[in-house]
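Asker: Provided below are the primary sequence and the corresponding predicted coordinates.
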Amino acid sequence: MRRDVFQAIADPTRRDILLSLTKESLNINALAEQFDMTRQAVSLHVKYLQECGTITITKEGRERYCKLETQQLVQVAEWLEPFRTLWEGRLDRLDNLLNKIQNKKSL
């Protein structure tokens, strides 16, 4: 079953796994050490992320290394863009208002 990137980021553990992989590729054991859950539970999350296309797994000797695939995450960035624009506009207006208030106080 092919899953999508939004399913990958829907779970906080999977988001944390993705964040961990931004620094370097890690094997399953190294990932599992970061979480308060069994290695098997982390492996299930990793499998889910692989099905979503957000990570790839390569075998090096006896170890399986997980690597982040950022191309899939572009879909999330594109989806978030209108919200980023909205909030930037709101924060700019707030900044302008605060500057006006500050200027009135300093007069």
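Answerer: Looks like it came in fine.

Asker: any stretches of the protein with poor pLDDT?
Answerer: Counting by pLDDT under 70, the chain contains low-confidence ranges at 1-2.

Asker: which non-adjacent residue is nearest the spatially most central residue of the chain?
Answerer: The residue lying closest to the centre of the chain (C-alpha atoms, centre = their mean) is Arg15, at 4.7 Å. Distances taken as C-beta to C-beta, 6 or more residues apart in numbering place Ile9 nearest to Arg15, at 5.4 Å, with adjacent residues excluded. All C-beta atoms are positioned from the backbone trio N, CA, C, and that covers glycine.

Asker: which strands or helices does the longest helix along the chain pack on?
Answerer: Ranked by residue count under DSSP state H, the longest helix found in the chain is helix 70-106. Judged by 3 or more C-beta pairs under 8 Å, 6 or more residues apart in numbering; DSSP states H and E, the packing partners of helix 70-106 are helix 5-8.

Asker: which SSE is immediately downstream of the helix it packs on?
Answerer: helix 12-20 (DSSP states H and E).

Asker: could you tell me the end-to-end distance of stretch 27-47?
Answerer: End-to-end span of stretch 27-47 (C-alpha to C-alpha, to the nearest Å): 13 Å.

Asker: hang on, I meant stretch 47-58
Answerer: 13 Å.

Asker: quick one: buried residues of it?
Answerer: Within stretch 47-58, the residues that count as buried by 16 or more other C-beta atoms under 10 Å are 48-50, 52-55.

Asker: starting at the chain centroid, how far to it?
Answerer: From the chain centre to the centre of stretch 47-58 is a distance of 14 Å (C-alpha atoms, centre = their mean, to the nearest Å).
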